[in-house]
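Asks: I'd like to go over a predicted model; first the sequence, then the structure.
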Amino acid sequence: MELLSGGEATIRALRDSGVRYLWGYPGGAALHIYDALFRQDDVKHILMRHEQGATHAADGYARATGEVGAVLVTSGPGATNAITGIATAYMDSIPLVVISGQVPQEKIGGDAFQETDMIGVSRPIVKHSFMIRRAEDVAETIAKAFYIARSGRPGPVVVDIPKDVTDPNYKVPYRYPDKIRIRSYQPSTKGHSGQIRRAVKVLLEARRPVIYAGGGIILGNAADQLTRLARQLNFPVTNTLMGLGGYPGSDRQFVGMLGMHGTFEANTAMHHADVILAVGVRFDDRVTNTPDRFCPGAQIIHIDVDPSSISKNVPADIPIVGACDAVLDEMIEQIETAGERPDPAALAEWWQQIDEWRRRHGLYTAPRHEPSVGTLIKPQDAVRALYKVTAGKAYITSDVGQHQMFAAQYYLFDKPRQWFNSGGLGTMGYGLPAAMGVQMAFPGADVACVTGEGSIQMCIQELSACTQHQLPVKIINLNNQALGMVKQWQDMQYGSRYSQILYEDSLPDFVKLAEAYGHVGLRVEHIDELEDKLRECFSYKDRVVFVDIQVDPHEHVYPMHVSPGSMRDLWLSKTERT
Amino acid sequence: MRRILSVLLENEPGALSRVVGLFSQRGYNIDSLTVAPTEDATLSRMTLTTQSDDLTIEKITKQLHKLIDVVKVTDLTDGLHIERELMLVKVKASGDARAEVKRVVDIFRGQIIDVGSASYVIQLAGVSAKLDAFIEALGETAVLEVVRSGVSGIMRGERALRA
Ligand SMILES: Cc1ncc(C[n+]2csc(CCOP(=O)(O)OP(=O)(O)O)c2C)c(N)n1
Ligand SMILES: [Mg+2]
């Protein structure tokens, strides 16, 4: 058996866990590991400019590929800088393994230089964490970390490694385990057939059904099954913000996103449904509005791999614990074997009703905004132009704010793993580094980050890392000169008292800023140049392009839930509500 | 309603803080908690009491199961079980009071395990209500210190919580 130091074993175990890219930032407690990294070629390290950027990039890579994202940071500030990225991944169930250096064991607890209790600080935002105490345990622990991160409901795992464990002078036999068994951890996969049978019966008797599908469809690689089931039953489908792309966005059976800024037709159909098939969702408060007014007449079937998600916020009538793909496969098969279909007349009536809602207030049929004129560019039109110019095929990341909601509403995602955003934590700064991770996963593809001038400045330092690692992402900045989403709330709830949302002429010239990093900068100020400039942007295949689009600073995102209220209680514009 | 959860968990560093952290993070309350290694040194056994309705207890149980270190969870209050708590009480005992305290201790089948010139340390085990009743019965006696272990519990009969 080969003898390796703890530091060498760390890198070797990453390789043996399937890691190709390691996103990180060096520092004292991680230096033995960084030296081991230097002496090999299997794992490629991507030096970012901030540990938050490193975790978001690894997260973007994980979402794009379905693999586990890997991060390496040092102790203390390196570890704490990674926290926002870990929390972001945790809230969205993204598999990450974050290796943090730690001060040597004999110094732990003594407030040593750059000592932070990383296990303690990260505890509420990880799926699990380990501290490695002996070089002999490195391979096995890292293998376990990867297994836990990717299986069941995925999530981030922290592995904290004190510096003495990675000592280059202490070598131990290296053996990567062939199989991982953790007696206290056996995530369920197959659903309970009896429960599935009960669910199928309810689905076949439904008269006003809706399929409500979320991020679990994407994480669980079940988009194909979802589409087949929806077609088999001719049921309408709505996706959560996290689930977009889980069902083809341009398909007739898709009624749009649901929730706080979801479509009128999706929210209204949910409210009036008699059966809701909830798959890979968690009944988030941004979806349900006030929980006790949620879908009053509906029987709820809830499929999720995580039992603790079921009946957490809204009680499920038929809970099914299992992996989405396996459960949906079995549903499709049971329906096929039964040879039955729901009452076609009832469904036809339901579809007629939905189409009427669509015609009345649908986002795409009855626009929620005034047309753009001259220098008054509507942000919605900017996203529509982006959709057109990229033929709906680009990979889109986003940040947090109005721009994010416009991207979710107006870019129709036909494929899973095409849309990336921090839905759970709502982390401004996610978009650019995540786009870098996505670009690494799909070299040569068009990857665009739809952002705002507020969010982009939270991780803008990564423009430098884009150059170094040749990641030609496109930045579509919907520049409304304000923290727009906050401004919208201040308009609606605080009498337009604009507390701390304006920059008072302090914004940088983003075109020059992009150029300073060696990128292409484009400014769009007139609606007539919008499409051409976007075309120009995507014509630069190997360059980062920053498109700074000056959009209407007074626009609001609609529809918007009126809360407290039920799902159908919506603002449709500044003056109109349901 | 009062619930007693019995939890078998890996005897790993950090396992206890994950359980305790879960309760504070999710806003569940813990009334008492005891934990110690079992006959199998790789496992710890924890008994936890909480005031929770059915819905909350289900959520707590699911969340506990989700922790990687947790091997098994049972709600002892669902079936026949035995619960015990240990209490050590230091009381002022001098003059006439010495005999009086001794009498109460005997009635409750406790033991005086330390005799000072003006104090006793009393040991008493039983269900929590009995311990409460004992403190009550001490009446006028000056209680200097009370140390309670929190509840430990076990199922009756042959059923056992094992890995
Ligand atoms: C790190 C972080 N801090 C604060 C917030 C609260 N927040 C949500 S949206 C928003 C404004 C975002 O502004 P911008 O990026 O310009 O987007 P816009 O809404 O203007 O499109 C803020 C401050 C957040 N989500 N994340
Ligand atoms: Mg803005």
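Replies: Yep, it's here. It should be emphasised that the depicted structure is a prediction, and the values quoted were computed from it without experimental measurement. Numbering: from 1, shown residues only, chains lettered A, B, ... in the order given. Ligands and ions are numbered 1, 2, ... in the order given.

Asks: which residues touch the longest helix along chain A?
Replies: Counting residues, the longest helix in chain A under DSSP state H turns out to be helix A:344-361. The contact list for helix A:344-361 (CB atoms under 8 Å, 6 or more residues apart in numbering or on different chains) reads A:206-209, A:234-236, A:255, A:264-265, A:268-269, A:272, A:365-366, A:368, A:559, A:572. For glycine as for every other residue, the C-beta is placed from the backbone atoms N, C-alpha and C.

Asks: what do you get for stretch A:315-332?
Replies: Counting by CB under 8 Å, 6+ apart, A:188-193, A:195-196, A:198-200, A:202-203, A:216-217, A:220-222, A:225-226, A:228-229, A:232, A:278-280, A:299-307, A:310-311 sit against stretch A:315-332.

Asks: Recalculate using a threshold of 6 Å.
Replies: Here stretch A:315-332 makes contact (CB atoms under 6 Å, 6 or more residues apart in numbering or on different chains) with A:188-191, A:195-196, A:198-200, A:216-217, A:220-222, A:225, A:228-229, A:279-280, A:299-303, A:305, A:307, A:310.

Asks: Would you check which of those are in contact with chain B?
Replies: A:Pro307 (CB under 6 Å from any CB of the partner chain).

Asks: before we move on, what SS does A:Trp120 have?
Replies: Not quite, residue A:120 is Gly, not Trp. Put simply, A:Gly120 is helix when judged by DSSP: H, G, I helix; E, B strand; the rest coil.

Asks: An error on my part: the question was meant for A:Arg523.
Replies: Once three-state DSSP is applied, A:Arg523 turns out strand.

Asks: ok, now B:Ser6?
Replies: Assigned with three-state DSSP, B:Ser6 falls in the strand class.

Asks: How about the residues of chain B by chain A?
Replies: Within chain B, the positions adjacent to chain A are B:Glu10, B:Gly14, B:Gly21, B:Gln25, B:Lys62, B:Gln63, B:Lys66, B:Ile68, B:Val70, B:Val71 by CB under 6 Å from any CB.

Asks: List buried residues within the contacts of stretch A:315-332.
Replies: Neighbour counting with 16 or more other CB atoms under 10 Å in any protein chain shown marks A:191, A:195-196, A:199-200, A:216-217, A:220, A:222, A:225, A:229, A:279-280, A:299-303, A:305, A:307, A:310 as buried within the contacts of stretch A:315-332.

Asks: Out of those residues, list just those in strands.
Replies: Members of the buried ones among the contacts of stretch A:315-332 lying in strands (criterion: DSSP state E): A:Val279, A:Gln299, A:Ile300, A:Ile301, A:His302, A:Ile303.

Asks: Contact partners for residue 69?
Replies: Using chain A. Contacts for A:Gly69 (CB under 6 Å, 6+ apart) come out as A:Ala58, A:Asp59, A:Tyr61, A:Ala62, A:Leu96.

Asks: Actually, chain B is the one I wanted.
Replies: B:Leu9, B:Glu10, B:Glu12, B:Ala15.

Asks: at 10 Å what do you get?
Replies: By CB atoms under 10 Å, 6 or more residues apart in numbering or on different chains, B:Asp69 lies in contact with A:128, A:182, A:184-185, B:7-12, B:14-16, B:18-19, B:44.

Asks: For A:Gln404, state which of those is nearest.
Replies: A:His128 (29.8 Å; CB to CB).

Asks: What is the burial count for the nearest residue to the closest one once chain neighbours are set aside?
Replies: Ranked by CB to CB, 6 or more residues apart in numbering or on different chains and with sequence neighbours excluded, the top spatial neighbour of A:His128 is B:Ile68, at 4.4 Å. The local packing of B:Ile68 (other CB atoms under 10 Å in any protein chain shown) involves 22 other residues.

Asks: before we move on, what about A:Met560?
Replies: Residues within reach of A:Met560, counting by other CB under 10 Å, total 21.

Asks: And for it, nearest residue in space, chain neighbours not counted?
Replies: That would be A:Trp571: by CB to CB, 6+ apart, it lies 4.6 Å from A:Met560.

Asks: May I have the beta-bridge partners of that neighbour?
Replies: Beta-bridge pairing of A:Trp571, defined through DSSP bridges, involves A:Met560, A:Arg577.

Asks: Return the residues in contact with it.
Replies: Per CB under 10 Å, 6+ apart, neighbours of A:Trp571: A:Arg368, A:Met492, A:His556, A:Val557, A:Tyr558, A:Pro559, A:Met560, A:His561, A:Val562, A:Arg577, A:Thr578.

Asks: Select only the buried ones of those in PyMOL?
Replies: Buried residues within those, by 16+ other CB under 10 Å, are selected in PyMOL with:
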select buried, chain A and resi 368+556+557+558+559+560+561+562+578
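
Asks: Looking at the contacts of A:Trp571, which has the smallest pLDDT value?
Replies: pLDDT across the contacts of A:Trp571 is at its lowest for A:Arg368, which sits at 80.

Asks: what's the spacing between that residue and A:Gly362?
Replies: 9 Å (CB to CB, to the nearest Å).

Asks: Give the residues shared as contacts by those two.
Replies: Contact criterion CB under 10 Å, 6+ apart; residues shared by A:Arg368 and A:Gly362: A:Thr263, A:Phe264.

Asks: Just give the nearest non-adjacent residue to A:Arg63, would you?
Replies: A:Phe420 (5.2 Å).

Asks: what's the answer for A:Phe510, then?
Replies: Closest residue in space to A:Phe510, ignoring its immediate chain neighbours: A:Asp548 at 4.1 Å, by CB to CB, 6+ apart.

Asks: Now do the SS call for the one you found.
Replies: strand.

Asks: Of all residues in chain A, which one is nearest the centre?
Replies: The centroid of chain A falls nearest to A:Asn421 when counting by CA atoms, centre = their mean (3.9 Å).

Asks: which residues does A:Val71 contact?
Replies: A:22-25, A:46, A:48, A:51, A:54-59, A:82, A:85-86, A:89, A:96-100, A:156, A:158.

Asks: So for the host helix or strand of it, mean pLDDT?
Replies: Assessed by DSSP states H and E, A:Val71 sits inside strand A:69-73. For strand A:69-73, mean pLDDT is 99.

Asks: same deal with stretch A:442-461?
Replies: Stretch A:442-461 comes out at a mean pLDDT of 98.

Asks: Contacts only, for the residue of chain B found nearest ligand 1.
Replies: Of all residues in chain B, B:Gln25 sits closest to ligand 1, at 20.5 Å by CB to the nearest ligand atom. Residues in contact with B:Gln25 (CB under 10 Å, 6+ apart) are A:Arg123, A:Pro124, A:Ile125, B:Arg18, B:Gln63.

Asks: what about 8 Å?
Replies: Contact analysis of B:Gln25 by CB under 8 Å, 6+ apart lists A:Pro124.

Asks: now it: how far from A:Asn313?
Replies: 16 Å.

Asks: Likewise for A:Glu67?
Replies: For A:Glu67, the distance to A:Asn313 equals 30 Å [CB to CB].

Asks: For A:Gly246, see how far away the closest residue in space to A:Gly245 that isn't next to it in sequence is.
Replies: Distances taken as CB to CB, 6+ apart place A:Phe413 nearest to A:Gly245, at 3.6 Å, with adjacent residues excluded. Counting by CB to CB, the separation of A:Phe413 from A:Gly246 is 9 Å.

Asks: Repeat that for A:Leu471.
Replies: Counting by CB to CB, the gap from A:Leu471 to A:Gly246 is 26 Å.

Asks: Which of these two has more residues huddled nearby?
Replies: Each of A:Leu471 and A:Gly246 has its neighbours counted (other CB under 10 Å); A:Gly246 has more, 32 against 22.

Asks: so that one touches A:Ala223, yeah?
Replies: Yes - using CB atoms under 8 Å, A:Gly246 makes contact with A:Ala223 at a distance of 5.0 Å.

Asks: Appreciated, that's everything.
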